[in-house]
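A.B. asks: Here is a sequence with its predicted model. Questions after.
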Amino acid sequence: MGYLRWIVILFCFLGMVACHQDVPHFRIGVAQCSDDSWRHKMNDEILREAMFYDGVAVEIRSAGDDNRKQAEDVRYFMDKGVDLLIISANEAAPMTPVVEEAYQKGIPVILIDRKILSDKYTAYIGADNYEIGRAVGNYIASSLQGKGNVVELTGLGGRPLRWSVIRDLWQPSVISRI
């Protein structure tokens, strides 16, 4: 009879432990602009790092290069009450209002790779595109010894271009863009 009582107590204890829900104490929303291998790697590393902390939950949404969808994703995270937003803005101008809205609601916002058109964010992790453009422009001008033709390929219109600084460097030059 003594064994039966301990078995019942053991099963009750196991039932309580097995039914315990791990409610996250800190929620992170990640609003990615694209769905490519570079972003997949970033997402995997964010998720891996979150595993080291009890009570941290991460949800990642990808906008597939769609500004409207990414703004909806950010609003979704705000409505869910996330504690932190990580955003890689598809384009600066369309994303600025919704990022500012999140920031003004007191949600810390970390921008990755691309900035917005205001300073209403908590932190930025990325490159200095102006300085990269200056270095590339100086290298090309030096390689062409001040004369020649360069074909300029640009990205999406709203994304910051390293070429804008190159254009500034070459204004008085005899190097022309085709």
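C.D. replies: Now that the structure is in, tell me what you want to look at.

A.B. asks: which ones are touching Ala71?
C.D. replies: Pro94, Met95, Pro97, Val98 (Cβ atoms under 8 Å, 6 or more residues apart in numbering). Heads up, the C-betas are built off the backbone N, CA and C, glycines and all.

A.B. asks: The second one: neighbour count?
C.D. replies: Right, the one you point to is Met95. Number of residues near Met95 (other Cβ atoms under 10 Å) recorded here: 26.

A.B. asks: pretty sure it contacts Ser118?
C.D. replies: No: counting by Cβ atoms under 8 Å, Met95 does not reach Ser118; the two are 10.3 Å apart.

A.B. asks: got any ranges where the chain has weak pLDDT?
C.D. replies: 1-22, 24, 151-178 (pLDDT under 70).

A.B. asks: And the strands in this structure, which stretches?
C.D. replies: 26-32, 56-62, 84-87, 109-112, 123-125, 147-150, 174-177 (DSSP state E).

A.B. asks: In JSON lines, list those strands along with mean neighbour count.
C.D. replies: What follows is the strands of the chain, written out as JSON lines (neighbours: other Cβ atoms under 10 Å):
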{"stretch": "strand 26-32", "mean neighbour count": "22"}
{"stretch": "strand 56-62", "mean neighbour count": "17"}
{"stretch": "strand 84-87", "mean neighbour count": "22"}
{"stretch": "strand 109-112", "mean neighbour count": "20"}
{"stretch": "strand 123-125", "mean neighbour count": "11"}
{"stretch": "strand 147-150", "mean neighbour count": "12"}
{"stretch": "strand 174-177", "mean neighbour count": "12"}
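
A.B. asks: Cool, thanks, talk later.
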